[in-house]
Every structure is written in C-alpha cells, then in structure tokens.
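Asks: Build me a model:
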Amino acid sequence: MAGVKLTKYSSEFEFRGSPYLFNYLYILDSTVVFGRGPLEYLIDKFSIEYPGVIAEFDLRCKKQSPENLQRTLKSVIKTPLKSKTNINTIKDPLLALFHYCSDINEDMLEKIERKIKEGQRHYSSSNFNDISRYDYIQWVRELYQQREKEPFYQNWTKYVEQAKQALGKLGAELNVQKQEFAVKPSWENDLVKLQFLEDAFSQQPVLLAAMDNEEKILKILQHYYRRPGPERVISSLISDAAIPEVWKPMHASSHVLRARNNVLWYIEWLEKFQPLSFSDDENSLLMLAIIYHDAAAEDVLKKDEEKKSADYFKRDLAGLYPQALLDNVALALESKENDIHPDPDDQSVFDDSVRRYQRVLRFADRMDIIRCTGVGQDFLRGAEASLSEFNPGLLDLPPALSEQFTADPEESPIAQRHLEAAMHGAADLAAVTGHLVFDHRPNSYASEYGLVTVDKKLTEQFESTVMPVSRMDNFINDNVRRKIAQLAGIKTCSDPNHKECSTDKNAGVTWGIHNSWYDLKKIRIPDGMTHLEKMQCEHSIDVLSEKTQEDIKREVERLKSEGIPMNLGTLTQETLRSEQAKKVLKGRGILAEIEPRRRGYDQEGNESFEEVLYPSTEISRPDAVL
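Replies: The predicted structure is shown next:
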C-alpha cells in the first residue's frame, strides 16, 4: 500500500493518500478513513474527486441538528483566520453547507468580525489570498447572498448523487453491500418506502371557520411547526440523535405568536394615525398569514420558504374568505422578502392593496428579529452609535409617516412617540418569551425587574401548550402588571427574607412580587386596554388614552393602600376547619367557602359530590361559609 498513510487522530484513523485508494478504503470501512470526529474533519479532503467525502458530507449534514450545523459553519468560516488557509479551499465546503443551513447566522458573523477588530491573538494578523482579514467576513456574507449563482452550489445535489452512484458501482465490483450507497440513491428509495409520510403531510389541517381564534391557530401550529416535514423525518430515522423537543428552533411557535401580536398592535397604530385602514376580513387574514409565514421554514431551501408557506396558506383557507382577498394576502406573504433577496427575473409590480399587506407582514416578522440582534435605546431612530444590529429600515414603514420621524426626541411627532413606545414593549415581550440576550438598552427589561433570562425550556413549553395564544397573552398582560406594580412601589423581590419588600406576615400582605404566577394576578389591568396600549405601557404612560391612564392611577392607589395578599399555599381541609386558621384568615379578609366538587359516580351511575372548603376573598353565598 505504497503512498498510503494511516495516522492516529483523536482516537480514530485519518487517511492521507490517492483519491482512488481513498474510495476503496471508504467502501470497506468509512470509519477508518474519517473516524467519528466532527464534520470539519472532511473539509481539508473536500473534493468532487473524492466521492466518499461528498457522500459522507451529505450523510452527516442530514443527520446534524440545526444547532450543530451552525457550529460547524462557524468553525469552517474561522478556518482561514486561524491557519492562513487560502479562502478558495473553503469556498466549496461553504457552498455545500449553505444547502443544509436554513439561514446564515448574522450575529455569528458579527461576533467573529468584532473579535478580529479586537485583535484576538488566535486570529491571523496578516492578509491572506490578497484579501484583508477585515474584508474576509464580507466575502463570506456575499458568498452566501450570491450562492444560487455559484455553479458548485447549483450542482451540489447532482454531485452527491453522482458520488453515491460511483460508490455503489465500486461496492458492487468489490462485492461489498453498503445500503446507503446502492446504485439507486437510497434517499429516493427511502422516499418511496415512506411515501405515507409525504401523504400525511400533504393533508391540510381542517379549518372550519373564517376567523382568527386560538383553536384555529393551534391546528396550524401543530400541523406546520410542532412536527417536521417528511424530509427531516426520514433523515432523523438514520440519525442517532434524540428527537428534538423543538423542530424549528429558529422559527418556533413563540416567534410566530410574537409576530402575531405585532400585527395586532401595528394595525392599531396604522389606523390610529390613518395612513392605512383594514376591514375585518383583512385583519383576520393578516393575522392568519403571519402564523403561516414560517410554515415551510427549516423544511425546504431558504429560497423556497415564502412560496411554500404561501401555498399552504392559500390551500388551507380556500373557500373561507373572498378569493381575490385571499390571493392578494398570499401574494404579499410570498413576496415578503423580495426587497432583501430580490429575484432579478421577477419584475412584478404590486398594487396598493398588496403593498399594504406586505408592509404589515414585513413589520410583524422583522420586528421580532430583535430577539436575535438585541436593541439599543435609539433603535428606531437608527443611531449609528447604537450597539444594536437591528435595522429599522427593513420595517417598511409607510412613507407618509416615517418621513416625518426625527432623531431629536424633543421634536418627535406623536406618531413616532407611539411607535417607539410599542416597539420597546415588543422588545420587553421578547425578553420574557424568547432569548433576547443582547439587550443593549441602558436598563434592560430583565435587569429592570430582576428577572432571570429565560432559556430554551420556555420555547419547549410554547411547543406543547394547547392554549398557545392565551399563554402569550398572559405574558403580555404580566408585563403590564409589572409596570403598574412598579408605579405603586411594589418591586420584584429576590430577598429570601423578604425584608426589602416590607412584607407584613401578620396582615398577610406584601409590597413585593414573589411568585409571578400568583402575585401578578392580584394586579388589575384596566378594562378595554388595547394591544397597542399594552405594548406602550412600560415606556410611555402619557400616550395611553385618558380612560386607561385614570384606571391605572386608581389601581396604583389601591395597591399602595392594600398591597398584595400573600400566597396562602395549599391549605388542607383540616387546616381550613380549625378555629385558629379561621381566625387568622378572617383577620386577612379571607373566609373558607363551601363548594360541592364531583367525586365520581355511585353504584347507580349517578354523579357523586363532596363538600369541600376553599379560601375565598369574594363570598358568593353568605350562608355557605364556615
């Protein structure tokens, strides 16, 4: 075996030799050639002359989770910066990776760029391949944006199939049976065998009524977000990785629900200042369209996401709305990204109706990008000094209003003040329902209220709840309650002894919020408070309606006087019947009320009830207390 070198590397063997012998060894045992190390080990061998590399690269990418693919992409991007590698050697691997990564992580590029500027020692300080290290990241960004024009990207699928066929023929010559490299591509075979998956996914969810409600939204989320497309199901069957809790981590249900909330308050803002107005059917369809906007995300290629999602939208809602209106909203949904990723062959000109819908959908989706980029204090004004990477120019605001906006807070028109307050409220909502870890505001929402930054478990909860809209509404309302509590001097208490919040255990009241699920519900939100007002409340009380302001003032005075009743915990029936407990509870304005509760059925099949006690501050029957 002249010319062959097998070297020990990370407890596995790595092959260095001719491409011909390389393929023979790979057919016999791919672990001898590649080992079981990271995907990056294939990069320095990446060539269409090595069918084994191409086939293994494709197989591993399909097995990788989106998070692992992003880590691999980051590692490959950093390779020339660490080793002065000619950038042409990673161009093809990057183009191949772009096929599997649904979207390039802009924040990742910015972090690498910042480290270069900070002069990190592990990055090369010299130029390489006639391009400066500062221009290198821009080269990567442009390569991604122009990937569809690159021949290697265009032909990647063909290269994979050719590699599998070559390995299948070689295996047949060697009389080696290797299922994934049969002469006929195994992927096609799998799709034939698992055609029922395609059939199941092609069935549309049953949406009976023409309205935007929680039941309908739940069906859409379950059908398109809480399960993967058939391609990813098939790839997961050959993977050793555990089935994930969240199938669309970059486009999860929580993101879609925040975008829906953005539609609600943004339309209210538009109609308040009268550049645009919408009918009931238009409102309903736009809120459903934003739920559909990522229906195909992470299942198909990025360039096909909007078209596929719009197709699902039109198919599922056909017959429930006027067809012309449905077609126009679907067209706005399909073309939502055409200002960022223009198709040079598409010369479509949209009429005013479609542009109105585009503006709403673009704003709602792009407003929530703050969860990835963070926001600065002046993020709407586009201040150059802002640390935020959020680009307010992509919000596609109506020129009739945005042309009046100013960078001077003292000169801001009322429409701008309303919008800024609501946008900051949207950032606050992302902080408590997503993963807004780059909040560059002087007083971030989490630090303002002493909140712990949420983690992926919350995202998983949004994927499993049967009341997704109600759950998001609870977070929105709790943000309003925190503001009202703050105005009343009630703070989020993190002191285990509760000294800083002046808890009066004898009176059973506190001036601190200890258990948000219990304490926050004791704070009353003004009746009739709109979505726009709820988003504005934290940052500009003075832009709310006079009625809402008066209701908030009354609640603030009540809280200052009464505080928040302490959480009683779970009191047993024995405790509630005791004279001592009744005395303590009565001193706190609480009585034990009798309530009949069903306890199954008797022998005749009749419902059986038992009288139980529960603590109540609002007695429904004067004769039903102890």
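Asks: Tell me the confidence at the residue nearest to Arg226 when sequence neighbours are not counted?
Replies: Once flanking residues are discounted, Arg226 sits nearest to Glu463: 5.5 Å by C-beta to C-beta, 6 or more residues apart in numbering. Every C-beta, even on glycine, is put in place using the N, C-alpha and C of the backbone. Listed pLDDT for Glu463 reads 86.
Asks: just for the stretch 151-300 of the chain, where's the confidence low?
Replies: 173-202, 228-244 (pLDDT under 70).
Asks: Quick one: the strands in it, in order.
Replies: In the stretch 151-300 of the chain, no strands are defined using DSSP state E, counting those that start in this stretch.
Asks: Kindly state the domain boundaries assigned to the chain.
Replies: Structurally, the chain divides into domains by automatic domain parsing as follows: 5-181, 214-433, 467-565, 573-616.
Asks: Need these in TSV (columns: distance to Gly450).
Replies: Listed next are the domains of the chain as TSV, based on distance: least, C-beta to C-beta, whole Å:
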stretch	distance to Gly450
domain 5-181	26
domain 214-433	12
domain 467-565	4
domain 573-616	27
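Asks: Of those, which is nearest Lys457?
Replies: Checking the domains of the chain against Lys457 by C-beta to C-beta gives domain 214-433 as the closest, at 8.8 Å.
Asks: I'd like the distance from the closest one to the chain centre, please.
Replies: Centre-to-centre, domain 214-433 and its host chain are 12 Å apart (C-alpha atoms, centre = their mean, to the nearest Å).
Asks: Report the separation between the two terminal residues of that domain.
Replies: Domain 214-433 has its terminal residues 18 Å apart, counting by C-alpha to C-alpha, to the nearest Å.
Asks: Which stretch among the domains of the chain approaches Leu207 most closely?
Replies: Closest among those, using C-beta to C-beta: domain 214-433, at 5.5 Å.
Asks: which residue ranges form the strands in the stretch 301-450 of the chain?
Replies: Taking DSSP E, counting those that start in this stretch as the criterion, the stretch 301-450 of the chain carries no strands.
Asks: what about the helices in it?
Replies: Counting by DSSP state H, counting those that start in this stretch, the stretch 301-450 of the chain has helices at residues 305-317, 323-334, 352-367, 370-373, 399-402, 414-433, 445-448.
Asks: Show me what the third one is packed against.
Replies: Same thing as helix 352-367. helix 253-272, helix 280-292, helix 323-334 (3 or more C-beta pairs under 8 Å, 6 or more residues apart in numbering; DSSP states H and E).
Asks: With the second one instead?
Replies: Contact here means 3+ C-beta pairs under 8 Å, 6+ apart; on that basis helix 323-334 packs against helix 280-292, helix 305-317, helix 352-367.
Asks: cool, and the fourth one?
Replies: Helices and strands touching helix 370-373, as assessed by 3+ C-beta pairs under 8 Å, 6+ apart, comprise helix 106-117, helix 414-433.
Asks: picking up where we left off before, generate TSV for the helices and strands packed on helix 323-334, with distance to Glu150 and mean neighbour count as supplementary columns.
Replies: Shown next, in TSV, are the helices and strands packed on helix 323-334 (distance: least, C-beta to C-beta, whole Å; neighbours: other C-beta atoms under 10 Å):
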stretch	distance to Glu150	mean neighbour count
helix 280-292	31	22
helix 305-317	20	19
helix 352-367	27	21
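Asks: Indicate which one of the ones you listed is closest to Arg599.
Replies: helix 280-292 (40.9 Å).
Asks: Contacts for that closest one, please.
Replies: Identification of contacts with helix 280-292 by C-beta atoms under 8 Å, 6 or more residues apart in numbering yields 210-212, 216-217, 220-221, 224, 256, 259-260, 262-264, 267, 278, 309-310, 312-313, 316-317, 321-322, 325-326, 329-330, 332-333, 357, 360-361, 364-365.
Asks: Identify each buried residue in stretch 575-583, please.
Replies: Thr575, Leu576, Ala581, Lys582 (16 or more other C-beta atoms under 10 Å).
Asks: Stretch 271-282 too?
Replies: Phe273, Pro275, Leu276, Phe278, Asp281, Glu282.
Asks: Farthest pair within those?
Replies: For those, the farthest-apart pair by C-beta to C-beta is Phe273 and Asp281; their separation is 22.2 Å.
Asks: Against Ala289, how distant is Ala259?
Replies: 10 Å (C-beta to C-beta, to the nearest Å).
Asks: Not counting sequence-adjacent ones, nearest residue to Arg355?
Replies: Looking at Arg355 with C-beta to C-beta, 6+ apart, the closest residue is Ala332, at 7.9 Å.
Asks: Repeat that for Phe405.
Replies: Gln416 (4.7 Å).
Asks: do Tyr518 as well
Replies: In space, and not counting its chain neighbours, Tyr518 is closest to Asn567: 4.7 Å by C-beta to C-beta, 6+ apart.
Asks: Can you get me a residue count around the one you found?
Replies: 14 (other C-beta atoms under 10 Å).
Asks: ok, Met367 touching His424?
Replies: No. Between Met367 and His424 there is no contact under C-beta atoms under 8 Å: 11.2 Å.
Asks: who's in contact with Ile48?
Replies: Ile54, Tyr159, Gln162, Ala163.
Asks: Pull the most distant pair out of the residues you listed.
Replies: Ile54 and Gln162 (8.1 Å).
Asks: between these two, which one's more packed in?
Replies: Taking other C-beta under 10 Å, Ile54 and Gln162 do not tie; Ile54 has more neighbours (24 against 16).
Asks: Which helix or strand contains that one?
Replies: helix 51-63 (DSSP states H and E).
Asks: helices and strands around that helix, which ones?
Replies: In terms of contacts (3+ C-beta pairs under 8 Å, 6+ apart), helix 51-63 is packed against helix 19-28, helix 30-34, helix 88-98, helix 151-174.
Asks: secondary structure class for Ser502?
Replies: coil (DSSP: H, G, I helix; E, B strand; the rest coil).
Asks: Quick check: it vs Gly589, distance?
Replies: Applying C-beta to C-beta to Ser502 and Gly589 gives a distance of 19 Å.
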